[in-house]
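> For reference, the sequence and a predicted model appear below.
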Amino acid sequence: MLVAAAVCPCPPLLVPEVAAGAAPEMDAARAACTDALGVLAAARPDRLVVVGPAGPDRRGAHPEGTWGSFRGFGVALDVRLGRPGPDTESPAPSEDRLPPSLAVAAWLLRRTGWADAPIDALGVGESLPAERCAEAGRDIAARAERVALLVMGDASACRTLKAPGYLDERAAPFDASVARALAEADIDALKALDVELARQLMASGRVPWQILAGAAEGADLTGALLYEAAPYGVGYLVAAWS
């Protein structure tokens with residue numbers, strides 16, 4: 001059963017080494033993510049499941065110990081899912097790798113020193129239908145008596161003229177509707193998100209959010225929105241459910 005959830009954005013810019021000189025611009029988002037992960041730890045789960053968007057080559061399950069890397073962003077930094085503290089080993093070239101969204105999650109978990117429960121992760125594609133998302137969420141919630149969920153994903157990428165998807169007037173209302181749903185732990189509103197609109201607005205969090213909605217069925221959780229901003233024309237939301 002789901003006992004807690006944290007919702008975090010997944011830009012590699014959350015990692016200060018990647019952001020470099022722009023790192024302070026994401027300080028508030030990092031602090032909110034830390035607070036959200038604190039809610040997960042306080043729930044004392046038997047298992048933590050991390051869900052995030054992934055490309056075709058990295059979809060599916062990733063067990064604890066899987067490596068993630070930020071070398072593709074010009075930074076010699078590797079992280080490992082479920083291992084707190086500095087990593088002293090180096091991944092072999094042939095090893096399975098986390099998609100960027102889950103590498104960011106692994107970095108956040110390492111940063112907060114997570115060592116409370118076993119971890120596994122799931123990379124998901126953007127085209128998964130809403131009902132399949134809900135089914136995946138129910139399956140996750142049934143994995144242990146007390147399950148916590150770390151949900152990675154961004155809102156729209158069309159909030160400004162310089163945004164990755166340019167300016168779309170539908171983006172701000174879409175993001176506001178997601179923010180309300182997360183703040184109120186409104187699983188029906190998350191399930192009802194427009195799949196095609198989310199795709200057009202490049203909202204990578206749609207599938208993970210709808211997986212959260214399925215996992216939270218019957219859990220009677222309350223929500224809190226901890227952060228909402230679009231510093232680079234991309235909507236970043238942080239929330240905690242408990």
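Looks like it arrived, so ask away.
> Using CSV, list the CA coordinates for the top helix by length along the chain.
In the chain, taking DSSP state H as the definition, the longest helix is helix 27-42. Only the C-alpha atoms of helix 27-42 are listed here, as CSV (Å, rounded to 0.1, in the frame of the first residue of the first chain):
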residue,chain,number,x,y,z
ASP,A,27,18.5,26.3,-4.9
ALA,A,28,14.9,26.7,-3.9
ALA,A,29,13.9,23.7,-6.0
ARG,A,30,16.7,21.6,-4.5
ALA,A,31,15.6,22.6,-1.0
ALA,A,32,12.0,21.6,-1.8
CYS,A,33,13.1,18.3,-3.1
THR,A,34,15.0,17.6,0.1
ASP,A,35,11.9,18.4,2.1
ALA,A,36,9.8,16.1,-0.1
LEU,A,37,12.2,13.2,0.4
GLY,A,38,12.1,13.9,4.1
VAL,A,39,8.4,13.0,4.0
LEU,A,40,9.2,9.7,2.3
ALA,A,41,11.8,8.9,5.0
ALA,A,42,9.4,9.8,7.8
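> Could you list the paired strands of the following helix or strand past that helix along with their orientation?
Note on helix 27-42: by DSSP states H and E, the next helix or strand toward the C-terminus is strand 47-53. Strand 47-53 pairs in its sheet with strand 119-124 (parallel), strand 147-152 (parallel), by DSSP bridges.
> And stretch 9-18, what's buried?
Across stretch 9-18, burial judged by 16 or more other CB atoms under 10 Å covers 9-16, 18. Using the backbone N, CA and C atoms, a C-beta is placed for each residue, glycine as well.
> Contacts only, for the residue nearest the centre of the chain.
Closest to where the C-alpha atoms of the chain average out (CA atoms, centre = their mean) is Met152, at 0.7 Å. Residues near Met152 by CB atoms under 8 Å, 6 or more residues apart in numbering: 8-10, 50-53, 101-102, 104-105, 205, 208.
> List the beta-bridge partners for it.
Going by DSSP bridges, Met152 forms beta bridges with Cys8.
> ok, it to Tyr166 distance?
Applying CB to CB, to the nearest Å, the value for Met152 to Tyr166 is 24 Å.
> Would you map the helices across this structure?
16-19, 27-42, 100-112, 130-141, 171-183, 187-191, 195-200, 206-215.
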